[in-house]
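K.L.:
Predicted structure and sequence below. I'll ask about it afterward.
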Amino acid sequence: MKRLAIGIDIGGQSTKCGVVTRDGIILAQSVITSLIDNFDEYLRVLTYTINELTDKTSHIGTPMGIGIGAPNANRIDGTIRFAPNLRWARDAQGNPTIVYLADRLEAETGLHVRITNDANAAARGERIYGIAKGLDDFIMITLGTGVGSGIISNKRLVYGHDGFAGELGHVCVERGGRQCNCGLRGCLETYASATGVARTAREFLERDRGESSLRKLDPEKITSKDIYNAARQGDQMAKDIFIYTGRILGQALADFVKFSSPQAIVLFGGLTKSREFFHDAMVQAMNDNLLQVWKNKIEIRYSSLKESDAAILGASSMVW
């Protein structure tokens, strides 16, 4: 019988779970919604799903533990702290709070639980199994509901003294800019995430009287996928939205390069499916804002792992 691990990727919209072998084969996986308001209910659904996956793979082996990648996760004490995009991680007044996820899940499953930031988990997965294999210094940026990051420096993840280093999604890219769910203004997340792209679309529609197929949609319900589909059909406003996004992201990436001097930047997440429309603008903006020593030398790579596999694999690797 094989020794297995449970890898869990918690996102703002959904939670992906997988049973993984030590050599990175995902034997079984399942997806549950993250859009649950109550932590106890979320924990019940998550535990049920873990037990289901464990039963499904019991003929192959036994899980040795659980690794979790989640927004605002602290590897030191096993908590999720003030995650703005997780509905079940809020108090009775609706404010982000501290959730003792590792302890509670250990009590429910009887398995040891280790957690880390979701982007850190994705960085681990890419370095061990994916496009960053062999890289000792790189930055992982996740472009999804929010913007996350994991920094590998000299072969090691950068955690800082409290486990929270590398919150690059909340670096300010526009002083006094868009309100972020974290409470700050002008965060990169408000411009370069899937929700940020939708906000850009609404701004463009408000101030631009040009023609666009996006005008046929309810502005409050526009998604990044709608904008991507419009761009693929040749809609110029949709293309301009992605170019605008690419420029802001590229400028931010240039700043990130300056403090860690990575070999490459790896981009991961749903928004990267739109890279044909923002890649060139992003790279140009990054190089325009780099010192000569780095100009045109920092490689941009896109995750080679299927969907959330990087985070599931990286999270599961903590078990070993």
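P.N.:
Great, that's in hand.

K.L.:
The nearest residue to residue 217 once chain neighbours are set aside and residue 146: what is the separation?
P.N.:
With C-beta to C-beta, 6 or more residues apart in numbering as the criterion, residue 217 has its nearest non-adjacent residue at 6.0 Å, and that residue is residue 226. C-beta coordinates here come from the backbone N, C-alpha and C atoms, glycine included. Remark: distance between residue 226 and residue 146 (C-beta to C-beta, to the nearest Å) = 19 Å.

K.L.:
Let's verify the residue nearest to residue 217: helix, strand, or coil?
P.N.:
helix (DSSP: H, G, I helix; E, B strand; the rest coil).

K.L.:
tell me the contacts of it?
P.N.:
201, 214, 217 (C-beta atoms under 8 Å, 6 or more residues apart in numbering).

K.L.:
List buried members of the residues you listed by neighbour count.
P.N.:
201, 214, 217 (16 or more other C-beta atoms under 10 Å).

K.L.:
where exactly do the strands run in the stretch 1-150 of the chain?
P.N.:
Remark: strands assigned in the stretch 1-150 of the chain by DSSP state E, counting those that start in this stretch are 2-10, 14-21, 26-33, 61-70, 73-74, 79-81, 98-99, 113-117, 138-143, 147-153.

K.L.:
deepest of these, which one?
P.N.:
Burial of the strands of the stretch 1-150 of the chain is given as mean neighbour count (mean count of other C-beta atoms under 10 Å); strand 138-143 ranks first at a mean of 29.

K.L.:
Does anything pack onto it? Which helices or strands?
P.N.:
helix 118-129, strand 147-153, helix 236-260, strand 264-268 (3 or more C-beta pairs under 8 Å, 6 or more residues apart in numbering; DSSP states H and E).

K.L.:
Among the ones you listed, show me which one is buried the most.
P.N.:
helix 118-129 (a mean of 29).

K.L.:
That one packs against which elements?
P.N.:
strand 2-10, strand 61-70, strand 138-143, strand 147-153, strand 156-157, strand 264-268, helix 309-317.

K.L.:
which stretch among these comes nearest residue 107?
P.N.:
Nearest to residue 107 among these is strand 61-70 (12.2 Å), distances taken as C-beta to C-beta.

K.L.:
can you dump the C-alpha coordinates of the closest one into CSV?
P.N.:
As requested, the backbone C-alpha atoms of strand 61-70 are provided in CSV (Å, rounded to 0.1, in the frame of the first residue of the first chain):
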residue,chain,number,x,y,z
GLY,A,61,-3.0,3.6,-0.1
THR,A,62,-3.6,5.6,3.1
PRO,A,63,-3.2,9.4,3.5
MET,A,64,-0.4,10.4,5.8
GLY,A,65,-1.7,14.0,6.3
ILE,A,66,-3.3,17.0,4.7
GLY,A,67,-1.6,20.0,3.1
ILE,A,68,-3.7,23.2,2.4
GLY,A,69,-3.0,26.3,0.3
ALA,A,70,-5.4,29.1,1.3
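
K.L.:
Columns mean pLDDT and distance to residue 284 on top of the helices and strands packed on helix 118-129, output as a markdown table?
P.N.:
Formatted as a markdown table, these follow (pLDDT from 0 to 100; distance: least, C-beta to C-beta, whole Å):
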| stretch | mean pLDDT | distance to residue 284 |
| --- | --- | --- |
| strand 2-10 | 96 | 32 |
| strand 61-70 | 97 | 31 |
| strand 138-143 | 95 | 17 |
| strand 147-153 | 94 | 20 |
| strand 156-157 | 94 | 30 |
| strand 264-268 | 96 | 14 |
| helix 309-317 | 90 | 26 |
